[in-house]
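*Asks:* predicted model and sequence follow; I will ask about them next.
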Amino acid sequence: MIDVQVAAAASDVVIGLAVGVPIVVVAGGIAVGMRMRGRGSKGRVPSGEVASDAATDLELSRSAETTRIAEREAPSREPEPGPTPEPGPTPEPPTYRSRLGKARGLLSGYLGAVRSKGRIDAETWEDLEEALIRADVGVGATGVLLTDLRARVMSGGIVGPDGLVDALRADLVAMLSTADAALALPGSVPHDDTGTGDTSVDVWLFVGVNGVGKTTTVGKVANRLSASGTKVLLAAGDTFRAAAGEQLSMWASRADCDIVRGSEGGDPSSVVFDAVQRAASKGHAVVLADTAGRLHNKANLIEELKKIRRVADRPPGRVVEVLLVLDATTGQNGLAQAKVFLDAVDVSGVVLTKLDGTAKGGIVVAIHRELGLPVKLVGLGEGVDDLIDFDPSAFVDALF
């Protein structure tokens, strides 16, 4: 009896398999076919897994093809230009009034006190004397100015505090205008004066102690001359200060001019000699020579500068400018340093740097009075165009 039941159950299983397997196979084939054609569901996933929404390979292929067709049929469109950037503001050229605020601020208090009085008395002269001394005009120049003003007040030539201040302004302009402050620019002096028929080369020597801005001054002058069309050659004659040659090379690149350098610690006069020879052969109009400024060995420095001057003056070279570079912020101390160089070379003029950074603008007057030299160039800032010609009237007006 059990065998009959087992046989019947087995028979049912066999029949079920015979019917179910083909159905499963057919259904699976249909699902696979629909998936291959990009339609239908992506099928069930096993329990515990998440169905992917990623496109099939066929869907990706059809999407790419559709995109390519759309790109071919769409008209080409140039990208719209962006807004043109507005140019930055052009820097204003340096002026004495805009750059000498510190010096003017020192004098304005004293001059205001003088003008506020209705008369000229002993306190007036004390205020003027203190103002001039504090501005670094110097004791000698201050005494000369005040003695002349007192005499004119006593004679009736000056009346009232306002007249006194105006007279002081005029006297300062007159004192600073006595010397010739014009630079010996290329072309201002005939070149065919060597006696050999060859064209000479102008040489400018720049002297001064280390730290006054001498090398920077050489670079700014080179930039200025190059911009005017002059062919300039730089000579890196300061062979003892570390990085002096590299600094001057940067200026040569900036000013688009050539440079001659020597080995560190080498003979600076040989650098200047080579520079003059190269300038003559390459058609340069002027050589700007940087020099050392080591005051710790004064005797050697003086002899070195004398030798450089002699070498630079040999044909085809001729020295037309020897510019003493002074730092305005050092005040009267700079005058003592200057006298060292006056003993070594025939200085033709002064370049006063950093004038915008000091309240002691009166040092200009002291230089004229004590050294007997004209101030030819002044530095009113760190910009390449901030080294300008000295103008006595504009300078004095900026102080009042």
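*Replies:* Perfect, I can see it now. Computed from a prediction, not measured in an experiment: that's the story for all the values here.

*Asks:* pLDDT weak spots in the chain?
*Replies:* Residue ranges of the chain with pLDDT under 70: 1-92, 189-198, 295-297.

*Asks:* residue for residue, what is the longest strand it has?
*Replies:* strand 317-327 (DSSP state E).

*Asks:* note down every partner strand of that one and its orientation.
*Replies:* Sheet pairing of strand 317-327 (DSSP bridges) gives strand 201-207 (parallel), strand 349-353 (parallel).

*Asks:* shouldn't R169 be in contact with V396?
*Replies:* Yes. Using Cβ atoms under 8 Å, R169 is in contact with V396, at 5.7 Å. Bear in mind the C-beta positions are built from the backbone N, C-alpha and C, glycine included.

*Asks:* how about the strands paired with strand 317-327 in a markdown table, adding distance to L305?
*Replies:* Putting the strands paired with strand 317-327 into a markdown table (distance: least, Cβ to Cβ, whole Å) gives the following:
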| stretch | distance to L305 |
| --- | --- |
| strand 201-207 | 6 |
| strand 349-353 | 16 |
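
*Asks:* figure out which of those strands is closest to R152.
*Replies:* Closest to R152 of the strands paired with strand 317-327, according to Cβ to Cβ: strand 349-353, at 29.6 Å.

*Asks:* need the residues that contact the closest one.
*Replies:* The contact list for strand 349-353 (Cβ atoms under 8 Å, 6 or more residues apart in numbering) reads 181, 183, 206, 212-213, 216-217, 321-328, 338, 363-364, 367, 371, 373-379, 387, 390.

*Asks:* which of R169 and V396 has more neighbours?
*Replies:* Using other Cβ atoms under 10 Å, the more surrounded residue of R169 and V396 is V396, with 23 against 16.

*Asks:* which SSE is the more buried one in?
*Replies:* Element membership for V396 (DSSP states H and E) is helix 392-399.

*Asks:* in that helix, what's buried?
*Replies:* By 16 or more other Cβ atoms under 10 Å, the buried positions in helix 392-399 come out as 392, 395-399.

*Asks:* by contact count, what packs against that helix?
*Replies:* Packing contacts for helix 392-399, counted by 3 or more Cβ pairs under 8 Å, 6 or more residues apart in numbering; DSSP states H and E, involve helix 96-99, helix 101-116, helix 160-176.

*Asks:* show me what the first one is packed against.
*Replies:* It refers to helix 96-99. helix 392-399.

*Asks:* kindly calculate the angle that the helix it packs on makes with helix 160-176.
*Replies:* 140 degrees (axes from the mean of the first three to the mean of the last three Cα atoms, to 10 degrees).

*Asks:* quick one: distance of helix 392-399 to the chain centre.
*Replies:* 26 Å (Cα atoms, centre = their mean, to the nearest Å).

*Asks:* list the contacts for the spatially closest residue to V209 that is not a sequence neighbour?
*Replies:* Distances taken as Cβ to Cβ, 6 or more residues apart in numbering put G293 closest to V209, at 4.2 Å, once the chain neighbours are dropped. Counting by Cβ under 8 Å, 6+ apart, G293 touches 207-212, 214, 238, 241, 301.

*Asks:* contact partners of stretch 98-106?
*Replies:* 92, 97, 131, 134-135, 355-362, 380-381, 386, 395, 398-400.

*Asks:* kindly recompute the last result at 10 Å.
*Replies:* Contacts to stretch 98-106, defined as Cβ atoms under 10 Å, 6 or more residues apart in numbering, come from residues 92, 96-97, 107-108, 111, 131, 134-136, 328, 355-364, 378-381, 386, 388, 394-395, 397-400.

*Asks:* next: stretch 119-131.
*Replies:* Residues outside stretch 119-131 that contact it (Cβ under 10 Å, 6+ apart): 106-115, 117, 137, 139, 142-143, 145-146, 149-150, 153, 158-161, 163-165, 168, 362.
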